[in-house]
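Engineer: Here you go, sequence then predicted model.
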Amino acid sequence: MPKEVIYTIKEAARKLRLHEQTLRNWERAGIIKLQRFGKNRSRLFRPSDIARCRWIQKYSGRGISLKGVKALLIMNRGGNHN
């Protein structure tokens, strides 16, 4: 069974064409929750996290605030949108 691909915040930001700080802001706002590892608690992005970030990107790019995006996520399958 192949291992799941895991991305660092730098790799995820590059893949999503976003700034790393944007991803940190989304985490701080509570619209993404990431696994952490190591002494410095580095963020881990799984493919499902990348998919969620793309969804957030889509709606925030349409002018919806982070608060609005968070509400949409909660309404959409309890915030477990992939």
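Structural biologist: Cool, the structure landed.
Engineer: centroid residue for this protein?
Structural biologist: By Cα atoms, centre = their mean, the mean C-alpha position of the chain lies nearest to residue 53, the distance being 3.9 Å.
Engineer: where's it, which helix or strand?
Structural biologist: Using DSSP states H and E, residue 53 falls within helix 47-60.
Engineer: Who are the packing partners of that helix?
Structural biologist: When contacts are defined as 3 or more Cβ pairs under 8 Å, 6 or more residues apart in numbering; DSSP states H and E, helix 47-60 packs onto helix 9-16, helix 20-29, helix 66-75. All C-beta atoms are positioned from the backbone trio N, CA, C, and that covers glycine.
Engineer: For it, give the mean pLDDT please.
Structural biologist: Taken as a whole, helix 47-60 has a mean pLDDT of 93.
Engineer: Need the CA coordinates for that helix. CSV is fine.
Structural biologist: Only the C-alpha atoms of helix 47-60 are listed here, as CSV (Å, rounded to 0.1, in the frame of the first residue of the first chain):
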residue,chain,number,x,y,z
PRO,A,47,-4.1,15.7,0.0
SER,A,48,-7.5,16.3,1.8
ASP,A,49,-6.1,19.5,3.3
ILE,A,50,-4.9,20.6,-0.2
ALA,A,51,-8.4,19.9,-1.5
ARG,A,52,-10.0,21.9,1.3
CYS,A,53,-7.6,24.8,0.7
ARG,A,54,-8.6,24.8,-3.0
TRP,A,55,-12.3,24.9,-2.0
ILE,A,56,-11.5,27.9,0.4
GLN,A,57,-9.5,29.6,-2.4
LYS,A,58,-12.4,29.2,-4.8
TYR,A,59,-14.9,30.9,-2.5
SER,A,60,-12.6,33.5,-1.0
